[in-house]
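In: Let me see the structure of the following:
(chains A and B)
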Amino acid sequence: MSLKLVRGTRDIYEKENDHFRKIITLFKNVSERYGYKEISTPIIEYSEVFEKTLGESSDVVSKEMYKFQDRSGNNLTLRPEGTAGIARAFISGKMKNQLPIRFLYYGPMFRYERPQKGRFRQFNQIGIELLGISDYQADVEVIALGYHILKDLGLNDKISLLINSLGDLESREKYKKELISYLNNYKNELSDESLIRLDKNPLRILDSKNKNDIKILENAPNFLNYLNDNSKFFFDKTCKGLENLDIPFTIETNLVRGFDYYCHTAFEFVTNELGAQNAIIAGGRYDGLISSMGGDDTPGIGWAGGLERLGLLIPEVDDLKRPVCLLSINNSSDNLISKLAYELRNSGFIVSVIRGGNISKSINKSNKINSKYVVIVGEEELKSGLFPVKDLDSSKQNNIKLGEICNFLKGLENDRSK
RNA sequence: GCGGGUGUAGCUCAGUUGGUUAGAGCGCCAGUUUGUGGUACUGGAUGUCGUCGGUUCAAAUCCGAUCACUCGCCCCA
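Out: So this is what the prediction gives:
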């Protein structure tokens, strides 16, 4: 039997899980203040849910999906991202009369990519979607929410916001034509990658990292000049909306999203602390998505953030809540200890029972699990009915009657929080 | 998918031009201290040297393959 981990997957232990939980808790907490409600969709969907929405030419669909057939021959895919599944849920759940609707979600996603720092084959995303508002206010709200979360995580000075407009369909088609005709002059100089894109998805050439491509693009027509009045108005208003909230941003005209369903606003919160994996939160507007899946025409905008990447950026913080250790020096005290532990746990304490060994060792073990208080239960205590309750920080110790230990500890905790 | 680097104890890493029984620090366990912890001192345990194969009298060391991690490309969260 192989004990190896599947490539790009990993086991996550207590500390990291605590760390993730903190991010998720903060994410949910802030998002709920903006009116977002949690939705959980399945991890598997029919493959076409992703293929038709993300675009056949996108990297994710063309080479990164975990596709398989189940025993009935259904073509299924482990979700590579969250938006398509939520759009599907919105349509199949017949939620159109509840618009506008705000979703928050988090969970594992799967992409068959080469693993790197901050990049895994199974990874976790947090994300939000806002459906049913075609107005730029939705874009401002969604970006502000992302900024709010990053700010509360203390990442202000580590991230920057890049924003661009992909315009509406009309603007995009017009620009695409201009860009193609410009790039056609450089056909023999463009990178192979970009040449393929020239046919399939020319806008993606804009974010090519190839040096020569970048040079060619310097004189290429600028997307922002091809926005029609409607698109220009939309983009201006969005930017003004961000300024109104004092959210700093940079217009990045070469920012293009990898999925077909985006239009108008595209944005990324990026960092330079994670090497090639610089996008922490990224998203945009996808007005055509739901109609393309067979639903009524419904505008939408959202973003997704990488939990692992966020985790790499924020420091781990020790738990404030420290356990109480009950030291069992004598086996005949088992019942007494389990009852005391039960009572303390009912009162909200984290309780750890340490059995056997001498007192030195037991206190030592208590220290190692970051315990604040220990209660010693040994021969003498069973006789006298008085139990030493010791504060390991101050080394102060009081002898307390069994029935009063819980209240005594509560009192100490209250004093401490004052 | 392409290119570079790395892989030795739980962790961080040494290990000479191939040469006996593979090392250090931290951590862990025990003792000093049989009812009171963090410090100190003393002692101890722990390795398929990533895996498989090859060269050699002899491989952690050289060669090949493979796996994983890592950095860059690509792409993305």
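In: pLDDT of stretch A:137-146, averaged?
Out: Averaged across stretch A:137-146, the pLDDT comes to 96.
In: ugh, wrong one, I meant stretch A:278-297
Out: Per-residue pLDDT over stretch A:278-297 has a mean of 91.
In: and that stretch, how far apart are its ends?
Out: Using Cα to Cα, to the nearest Å, one end of stretch A:278-297 lies 33 Å from the other.
In: What are the neighbouring residues in contact with the residue of the stretch 51-200 of chain A at minimum distance from RNA strand B?
Out: RNA strand B sits closest to residue A:117 of the stretch 51-200 of chain A, with a gap of 2.9 Å, by Cβ to the nearest atom of the strand. (Each C-beta comes from the backbone N, C-alpha and C, glycine too.) The contact partners of residue A:117, taken as Cβ atoms under 8 Å, 6 or more residues apart in numbering, are A:274, A:275, A:277, A:312.
In: pretty sure residue A:54 contacts residue A:85?
Out: No. Applying Cβ atoms under 8 Å as the test, residue A:54 and residue A:85 come out as separate, 11.4 Å apart.
In: if we can go back for a sec, nearest to residue A:222 among the contacts of residue A:117?
Out: residue A:277 (28.1 Å; Cβ to Cβ).
In: What residues of stretch A:44-55 count as buried?
Out: Neighbour counts over stretch A:44-55 (16 or more other Cβ atoms under 10 Å) mark A:44, A:45, A:47, A:49, A:50, A:51, A:52, A:53, A:54, A:55 as buried.
In: Just put the residues you listed in CSV and tack on pLDDT, secondary structure and distance to residue A:361.
Out: Output for the buried residues of stretch A:44-55, formatted as CSV (pLDDT from 0 to 100; DSSP: H, G, I helix; E, B strand; the rest coil; distance: Cβ to Cβ, whole Å):
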residue, pLDDT, secondary structure, distance to residue A:361
A:44, 95, strand, 50
A:45, 95, strand, 54
A:47, 92, helix, 58
A:49, 92, helix, 57
A:50, 91, helix, 56
A:51, 88, helix, 61
A:52, 84, helix, 63
A:53, 85, helix, 60
A:54, 83, helix, 58
A:55, 78, coil, 62
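In: what residue lies at the spatial centre of chain A?
Out: Nearest to the mean C-alpha position of chain A, by Cα atoms, centre = their mean, lies residue A:126 at 2.9 Å.
In: and residue A:176, how many neighbours does it have?
Out: Neighbour count for residue A:176, taken as other Cβ atoms under 10 Å: 15.
In: Residue A:226 too?
Out: 20.
In: my guess is residue A:195 contacts residue A:189, does it?
Out: No. Applying Cβ under 8 Å, one finds residue A:195 not in contact with residue A:189, separated by 9.8 Å.
In: So which elements touch the helix or strand hosting residue A:416?
Out: For residue A:416, the host element (DSSP states H and E) is helix A:405-417. In this structure, helix A:405-417 packs against helix A:334-346, strand A:373-377, strand A:386-391, with contacts taken as 3 or more Cβ pairs under 8 Å, 6 or more residues apart in numbering; DSSP states H and E.
In: Now the element after the shortest one, going C-ward?
Out: So the one you mean is strand A:373-377. Heading C-terminal from strand A:373-377 (DSSP H and E), you reach helix A:379-384.
In: again with the first one
Out: For helix A:334-346, the following helix or strand on the C-terminal side (DSSP H and E) is strand A:351-355.
In: From the contact counts, what lies against that next one?
Out: strand A:324-328, helix A:334-346, helix A:359-368.
In: run the last query once more with 10 Å
Out: With contacts defined as 3 or more Cβ pairs under 10 Å, 6 or more residues apart in numbering; DSSP states H and E, the packing partners of strand A:351-355 are strand A:324-328, helix A:334-346, helix A:359-368, strand A:373-377.
In: Determine which stretch of the helices and strands packed on helix A:405-417 is the most buried.
Out: strand A:373-377 (a mean of 23; mean count of other Cβ atoms under 10 Å).
In: coming back round to it: what's the overlap in contacts for residue A:195 and residue A:189?
Out: Common neighbours of residue A:195 and residue A:189 are listed as residue A:183 (criterion: Cβ atoms under 10 Å, 6 or more residues apart in numbering).
In: just to revisit the earlier point, make a markdown table out of the helices and strands packed on strand A:351-355 and add distance to residue A:199 and mean pLDDT.
Out: As requested, the helices and strands packed on strand A:351-355 are exported to a markdown table (distance: least, Cβ to Cβ, whole Å; pLDDT from 0 to 100):
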| stretch | distance to residue A:199 | mean pLDDT |
| --- | --- | --- |
| strand A:324-328 | 67 | 93 |
| helix A:334-346 | 65 | 93 |
| helix A:359-368 | 62 | 89 |
| strand A:373-377 | 70 | 93 |
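In: JSON lines for those, including distance to RNA strand B?
Out: Output for the helices and strands packed on strand A:351-355, formatted as JSON lines (distance: least, Cβ to the nearest atom of the strand, whole Å):
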{"stretch": "strand A:324-328", "distance to RNA strand B": "9"}
{"stretch": "helix A:334-346", "distance to RNA strand B": "13"}
{"stretch": "helix A:359-368", "distance to RNA strand B": "4"}
{"stretch": "strand A:373-377", "distance to RNA strand B": "4"}
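In: from what I can see residue A:285 touches residue A:264, true?
Out: Yes. Taking Cβ atoms under 10 Å as the definition, residue A:285 is a contact partner of residue A:264 at 4.3 Å.
In: Mutual contacts of these two, please.
Out: Counting by Cβ under 10 Å, 6+ apart, the residues touching both residue A:285 and residue A:264 are A:134, A:136, A:139, A:165, A:166, A:168, A:234, A:238, A:299, A:301.
In: how about the residues you listed in TSV, adding distance to RNA strand B?
Out: Below are those laid out as TSV (distance: Cβ to the nearest atom of the strand, whole Å):
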residue	distance to RNA strand B
A:134	22
A:136	21
A:139	17
A:165	17
A:166	13
A:168	20
A:234	21
A:238	19
A:299	19
A:301	13
